[in-house]
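>>> okay, sequence plus prediction incoming.
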Amino acid sequence: MAKKDQVTSPRPSASTQENEEVDSEGSYSLFNIWVITLVLKLLVSIGYRSTDFEVHRNWLAITYHLPLKQWYTDTTSEWTLDYPPFFAYFEWVLSHLAPRHVIEDGCLDLVEKGEYGMLTVFYQRFTVIASEVVLFLALQWYVNSSRGYTDKKRAFVVACSLVLSPGLLIIDHIHFQYNGFLFGLLVFMINNARLENHLMVGFWFSVLLCFKHIFLYLAPAVFVYLLFGYCLNTELLYAGKISHRVVRWKNSFKLAFTVIAVFTVAFGPFVWYGVMSQLLARLFPFSRGLTHAYWAPNIWAIYSAVDRVCLQIYFRIPVSRSIFQYIFQFDPSNLLNKETLKSSTRGLVGDSEYLILPEIKPQLTFFLALFYQIMALIPLILQPTFRRFVGSLTLCAYASFLFGWHVHEKAILLVIFPISFLVSRDLELLDSFNLLVSSGYMSLFPLLFTCEEWLVKVMFAFLWYVIFYFNFRKVTRIPKSIGGQGRLSLGRMINSYILGLATILLCTSIMDLYTHKFAFLRKLEFLKLVIISTYCGVGVISSWNIFSWYYFMNESIWSND
C-alpha cells in the first residue's frame, strides 16, 4: 500500500464557523431543487417516449387483469413481465390507482399492441415523477445524517448531483423507466452502511434485488461487507484464533432471517402456485446476444468495432485476407452471405455476428466480470469499512458493466451512483469521476434521437457537468502531495478526451440534422452509434483504470476519518 498522504481540509474561518454549524441543519434542503426539476419533468413529459413506455403500460394491464399466478406466463404482448416480484406488485398498485378516465383511455387494455391517448401518457409520466420522491427522501436523509459543517456541505453537493442527474432525466423522464426510486433504495442502503446499520443494509439490498435484478452486479460487495463487517469477529479471525467465537451467531441469524423474510414475501406466492421456473426464465433470458441493440460503452463495444474495421480491411485490401484467416482462423464462406453481413452492421439484439474476430461466449464474460469483482473484494475483506465498501461496490459495478453479457447502456448509472459518494472528499478520485460522467452520460444521448430533445439532453448535461465540476472541486480536500507533473499530465489528457467528446457530439448532431435530406447519411446511422459507443467506451475503461489504481494503491483515501 502507498504511504498515506497528508491532507488539508477546507474550513470556514473561525469567526463564521459557529454560525454556519448552527444553521447547517436547516440550510441544506432539497425541496427547492425538487420543485425546479418537477417543472422540467412536466415540460418534457409530452415529448419523445421509447418502447419502454408500452412495456410498462402492458405490465399495468397484466397485473390488473390477470391473477398473480399468470403474471409471468402471459404472452398476449411481446412485452412480457421480466422484472422481479416486488416490481410486479408495484405495477399492480399503480394499475389500481389509475383514474377511471385513464382506464377508459386504454391504459389498462390487455392487448397485443396498446392504443391510448395523452391521458395514459400523463398518468404514467406522473407515476415516474411521484415514485422518484423516494430518491429525494433518501438523499435528504443522507444530508441530514451527516455531521459537521464540512461533511454536510459535501453531502449536499453529492445529493444535488444525483437528483439532477442527466442520466435519470434522459432514461426515466424522456425515454421512460422507473430508475429514480430504485436508486433511492440504493441510497438508503449506502447511508445505512455509512451509519453502520448493517442489518438495514441487508434489508434494503434484499428489497432492491426483489425490485430489479440488475443490482446483482453489486451483490458480491454487499455480501462480503456484511459477512466480514457484521457476521464475523474479524479481530479474532485475523489473529488466527479460529473458534466458534469467530462467528457472531446472533448477528448472523438476524441477518439471515431478514433476508429470507424479504425474499419469502417477494417470491413465496409464485412458489406456492408452482410458476418459479417461468419466473426465473423471464428474469434471466440467456438467449440474448453479447451486446444490446445499441452497444453499451464497454469492452465489447470496442471489440465489436474492431471486428467491423477488420471486415472493411478484409474487403478493401486483398493482401490482408490471408493474414486475417491465419491469425483468427475464421470461415471465409460466412463473408459471402449477404444476410450475415447485413446483420453485422444493424446492431440488432441477438443477430449481430463476429465475422473476423472469434465469437465471445457467455462463460468468458462471466469469468472476466467475476475475476475483477473478486480482485475488488480482497481489500474489503481486509478492511471492511464504509469507504472500502463503497469503493468495492463501484468496482463490482464497473466489472459487470465492462465485461458482462448483454449489458444495457443504462447500467452506467450503477457505477455513477456509488462513486458519487466517494469523490466529494478526495480530489484524487475526481479524475476518474469526470471521465466516467462525461463519457457515461454522453453514451446515453443516442437513446433520444429526435431533434426536439436535442437541446434538453445536451444543454442540461453540459450545465450539470460545469456546475458540479467546480462544486466537487470546491468541497474536496486537497492533498499536500498531489502527484506533481504526472497528475498535471493526466489532467490534460482527460481534458483533451472531453474536448473530443464535444467534437464527436457536434459532428453527430450535424448528421442528425441533415439525415432526412441526404440518403447517404441515413446509411451511416449505425456508424454514428459505433463512434459514440466506442469513444465513450474508451472513457469508461480509462475511468475504471484510474479508480482501480487509487483503490489498490492509495490507502489514505479509504479510511473513514
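That came in fine, so what should we check first? Given the structure is predicted, the values throughout are model-derived calculations rather than measurements. Residues are numbered from 1 along each chain as shown.

>>> thought T120 was touching I103?
No. Judged on C-beta atoms under 8 Å, T120 makes no contact with I103 at a distance of 9.2 Å. Any C-beta I mention is one placed from the backbone N, CA and C, and that applies to glycine too.

>>> who's more crowded, the two?
More crowded of T120 and I103, by other C-beta atoms under 10 Å: T120, with 24 against 17.

>>> look up how far F267 lies from that one.
Relative to F267, T120 is positioned 30 Å away (C-beta to C-beta, to the nearest Å).

>>> in the helix or strand containing W92, what's buried?
Here W92, judged by DSSP states H and E, is contained in helix 85-97. Buried residues in helix 85-97, counting neighbours by 16 or more other C-beta atoms under 10 Å, are found at P85, F86, F87, A88, Y89, F90, E91, W92, L94, S95.

>>> identify, from these, the entry nearest to L255.
Lowest distance from L255 to the buried residues of helix 85-97 (C-beta to C-beta) belongs to F86, with 19.3 Å.

>>> quick check, pLDDT for the closest one.
F86 is assigned a pLDDT of 98 by the prediction.

>>> excluding chain neighbours, give the residue nearest to it in space.
C210 (4.0 Å; C-beta to C-beta, 6 or more residues apart in numbering).

>>> what about that neighbour, which helix or strand?
When elements are assigned from DSSP H and E, C210 belongs to helix 198-211.

>>> got a list of contacts for the following helix or strand past that helix?
Where DSSP H and E defines the elements, the next helix or strand beyond helix 198-211 is helix 219-226. If you take C-beta atoms under 8 Å, 6 or more residues apart in numbering as the criterion, helix 219-226 is touched by 189, 193, 198, 201-202, 205, 209, 255, 373-374, 376-377, 380-381, 384, 389, 392-393, 395-396.

>>> what do you get if the cut-off is 7 Å, keeping everything else the same?
193, 198, 201-202, 205, 255, 373, 377, 380-381, 384, 389, 392-393, 396 (C-beta atoms under 7 Å, 6 or more residues apart in numbering).

>>> what does stretch 412-423 give?
Stretch 412-423 is contacted from outside by 158, 161-162, 167, 179, 183, 186, 190, 217-218, 387, 390-391, 393-394, 397-398, 401, 429-430, 433, 436-437, 440, 443, 472, using C-beta under 7 Å, 6+ apart.

>>> pull out the buried residues from the helix or strand containing S420.
Here S420 sits within helix 413-423, counting by DSSP H and E. Buried residues in helix 413-423, defined by neighbour count with 16+ other C-beta under 10 Å: L413, L414, V415, I416, F417, P418, I419, S420, F421, L422, V423.

>>> stretch 463-476 now?
Buried residues in stretch 463-476, counted by 16+ other C-beta under 10 Å: W464, Y465, F468, Y469, N471, F472, V475, T476.

>>> then stretch 508-519?
The neighbour-count check on stretch 508-519 (16+ other C-beta under 10 Å) flags T508, M511, D512, T515 as buried.

>>> show only the entries of the contacts of stretch 412-423 found in helices.
Mapping the contacts of stretch 412-423 onto helices (DSSP state H) picks out 158, 161-162, 167, 179, 183, 186, 190, 387, 390-391, 393-394, 397-398, 401, 430, 433, 436-437, 440, 472.

>>> now F228, nearest residue through space, not along the chain?
Spatially, and ignoring its direct neighbours in sequence, F228 is nearest to P384 (4.3 Å; C-beta to C-beta, 6+ apart).
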